[in-house]
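Trainee: no FASTA, just this:
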Ligand SMILES: Cc1cc2nc3c(=O)[nH]c(=O)nc-3n(C[C@H](O)[C@H](O)[C@H](O)COP(=O)(O)OP(=O)(O)OC[C@H]3O[C@@H](n4cnc5c(N)ncnc54)[C@H](O)[C@@H]3O)c2cc1C
């Protein structure tokens, strides 16, 4: 087989390229930005590489960890699960580092009877078979058929909704519980019951190692190449049009994988597959703003490294960047109120000021000095999928069938975690190559 083109150099595209290379298939990876990584978003602050998006790696990220190992990186640092929230004026800490029984009892009280009754069977299903903890799994598709006519906010009651479910949906989907659906919650639950590490030197080392592996010619990475069209080539294969340095060009491949977010792929398919394009637009994306601020002194205590805020605030979470980075705060702004006060035109200093005002009463921020910061606003930052999402995926695939040699992966297939993107990337490669020689 000739080379396969992969469109999109985020973690989904990297996964697709990785699995194609494992099958000895040559790959051309097209990325519109000057760096690969997409929503991992690595950036330098005070001489150190930091990641704005995906950086926490679950103990159960088996596929992703295989890839990290292949990149020659083994240096993980404990990140844990350590957070807090204000309930009835009192700061309540939740972490997996304290006494196990105490934390379990605290978690049960946050869930309430209804929450435990509804969530426990789902947690048990994931613990029994980890492969169920993704989008479009047999177990959660059944749940979707029964309950996706209502939102998560109607499926679960208080106190579980405010204290457990909302902190998860605004963080992982950028959406409120009334904008999310029970059938998709398994992909979030699997993340809640995991515990986390991060790469000691950040994700950029992994991305650089992957980029370096492109030197041997079997993997070519074209950064700064924006794909502007895909269509069937009259002579055979798939023709892609791209833009590089202000110049347009075309290339023809036997097979092409889109590793773009659904909303980006819908734009590419507008003219050639309008029905597929319309279906892809039903996948919901929500904005997120992230600021990483370096302060002069420690902001957090080792025992309390993060806090989630309720629906009345634009700030959904403020947390220490790493277990040893108590002076480095990652502020995440997502959810409905955030959308009403923060836009792509907001001044970073003002957004950070907002975060400092909200988190200030609980941490050493007011009497501290801001030394440096970096800020990003992603208008399509987090994916909240759709109701009866597995049906939408089937419909999308049916429409894509007519475009032979073309397959699509991304965060809307198995879920947004980097592990889910790897799983979806592997499955997409399997599907594309089925029957190919
Ligand atoms: C704030 C935040 C925190 C997160 N934290 C975690 C975490 O701790 N752990 C975790 O597992 N996950 C986390 N995630 C989720 C995870 O980072 C994302 O789901 C994942 O990175 C998405 O990867 P992707 O490749 O599917 O999409 P993207 O990263 O969006 O990649 C798509 C790529 O395609 C490129 N592109 C777009 N259009 C074109 C075009 N026309 N031609 C060529 N290229 C194009 C884009 O530039 C981009 O690089 C987080 C996400 C966010 C936003």
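Mentor: In hand now; what should we look at? These figures come from a predicted structure and were not determined experimentally.
Trainee: Show the contacting residues for the nearest residue to residue 43 once chain neighbours are set aside.
Mentor: Leaving aside its chain neighbours, residue 43 sits nearest to residue 374 (5.3 Å; criterion: C-beta to C-beta, 6 or more residues apart in numbering). For every residue, glycine as well, the C-beta is placed using N, CA and C. Residue 374 sits next to 43, 45, 50, 52, 291, 292 when contact means C-beta atoms under 8 Å, 6 or more residues apart in numbering.
Trainee: same deal with residue 192?
Mentor: The neighbourhood of residue 192, defined by C-beta under 8 Å, 6+ apart, consists of 164, 168.
Trainee: from the contacts of residue 374, which is closest to residue 249?
Mentor: Taking C-beta to C-beta as the measure, residue 43 is the one of the contacts of residue 374 closest to residue 249, at 29.4 Å.
Trainee: which SS class is that closest one?
Mentor: What DSSP: H, G, I helix; E, B strand; the rest coil gives for residue 43 is strand.
Trainee: Tell me the spacing between it and residue 329.
Mentor: Relative to residue 329, residue 43 is positioned 15 Å away (criterion: C-beta to C-beta, to the nearest Å).
Trainee: Those two: which is more packed in?
Mentor: For residue 43 and residue 329, the more surrounded residue by other C-beta atoms under 10 Å is residue 329, and the numbers stand at 28 against 17.
Trainee: And what about that one, helix, strand or coil?
Mentor: Here residue 329 is recorded as strand under three-state DSSP.
Trainee: on that earlier part again, please pick the buried ones from the contacts of residue 374.
Mentor: Neighbour counting by 16 or more other C-beta atoms under 10 Å classes 43, 45, 50, 52, 291, 292 among these as buried.
Trainee: quick one on the thing from earlier: closest one of the contacts of residue 374 to the ligand?
Mentor: Looking at these and their distance to the ligand, the nearest is residue 52, at 6.1 Å (C-beta to the nearest ligand atom).
Trainee: Which residues are in contact with the residue in the stretch 201-350 of the chain positioned nearest to the ligand?
Mentor: Closest approach between the stretch 201-350 of the chain and the ligand, counting by C-beta to the nearest ligand atom: residue 227, at 3.7 Å. If you count contacts by C-beta under 8 Å, 6+ apart, residue 227 has them with 7, 30, 32, 240, 241, 242, 268.
Trainee: In three-state terms, how would the second one be classified?
Mentor: Three-state secondary structure (criterion: three-state DSSP) places residue 30 in strand.
Trainee: That one reaches residue 4, doesn't it?
Mentor: No - Residue 30 sits out of contact with residue 4 when judged by C-beta atoms under 8 Å, with a separation of 11.4 Å.
Trainee: Show me which of these two is the more surrounded one.
Mentor: In terms of neighbours (other C-beta under 10 Å), residue 4 is the more surrounded of residue 30 and residue 4; the figures are 27 against 24.
Trainee: Tell me which stretches of the stretch 151-300 of the chain form helices.
Mentor: 152-155, 160, 166-172, 185-192, 203-212, 262-269, 274-280 (DSSP state H, counting those that start in this stretch).
Trainee: Select, out of the ones you listed, the one closest to residue 419.
Mentor: Across the helices of the stretch 151-300 of the chain, the minimum distance to residue 419, taken as C-beta to C-beta, is reached by helix 185-192, at 8.7 Å.
Trainee: any idea which element the residue of the stretch 51-200 of the chain at minimum distance from the ligand lies in?
Mentor: Nearest residue of the stretch 51-200 of the chain to the ligand: residue 54, at 2.5 Å (C-beta to the nearest ligand atom). Secondary-structure element containing residue 54, defined by DSSP states H and E: none, the residue being outside all helices and strands.
Trainee: count of residues packed around it?
Mentor: Around residue 54 there are 22 residues (other C-beta under 10 Å).
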